[in-house]
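Asks: Structure for the following, please:
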Amino acid sequence: MGSVTVRFWAGARAAAGVAECRVEAVTVGQVRAELVRWQPSLAAVLEVSSLLVDGQCVTDDTVRVGSGALVEVLPPFAGG
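Replies: Model prediction:
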């Protein structure tokens, strides 16, 4: 497994209590699982958030993340 940096935005940052963290993961699904294990309050946020891996939106939990990847958690934003 590789070390992945996870950056939280808006409501995801509030739920995580930090701006970013690092997890060990190989796939997007493993990133999600590690985040929920670390901070259970993220489960609801992750269900409605978009995830970007190195700037690319991903919707498939089987997508692989390389060591050193940046995963960004973007919850829905209000306003325009």
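Asks: Please make it C-alpha for all contacts and neighbour counts, starting now.
Replies: Noted.
Asks: Just say helix, strand or coil for the most centrally placed residue in the chain.
Replies: For the chain, V73 is the residue whose C-alpha lies nearest the centre (Cα atoms, centre = their mean; 4.4 Å). Here V73 is recorded as strand under DSSP: H, G, I helix; E, B strand; the rest coil.
Asks: Provide a list of residues in contact with it.
Replies: V73 makes contacts with V6, R7, F8, W9, A12, L46, S49, S50, L51, L52, as judged by Cα atoms under 8 Å, 6 or more residues apart in numbering.
Asks: Of the residues you listed, select the buried ones using a PyMOL command.
Replies: Per 16 or more other Cα atoms under 10 Å, the buried members of the contacts of V73 correspond to this PyMOL selection:
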select buried, resi 6+7+8+9+12+46+49+51+52
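Asks: of the contacts of V73, closest to D60?
Replies: L51 (9.7 Å; Cα to Cα).
Asks: before we move on, back to that, go through the contacts of V73 and say which is closest to A33.
Replies: Among these, and counting by Cα to Cα, the member closest to A33 is L46, at 10.0 Å.
Asks: Determine how far the last residue of stretch 62-69 lies from the first.
Replies: Stretch 62-69 has an end-to-end distance of 15 Å (criterion: Cα to Cα, to the nearest Å).
Asks: How many residues are close by G68?
Replies: Neighbour count of G68, defined by other Cα atoms under 10 Å: 13.
Asks: Leaving out sequence neighbours, find the closest residue to it.
Replies: V4 (5.2 Å; Cα to Cα, 6 or more residues apart in numbering).
Asks: On the three-state scheme, the one you found is what?
Replies: Three-state call for V4 (three-state DSSP): strand.
Asks: ok, it - contacts?
Replies: Counting by Cα under 8 Å, 6+ apart, V4 makes contact with R22, V23, E24, A25, V65, G66, S67, G68, A69, L70, V71.
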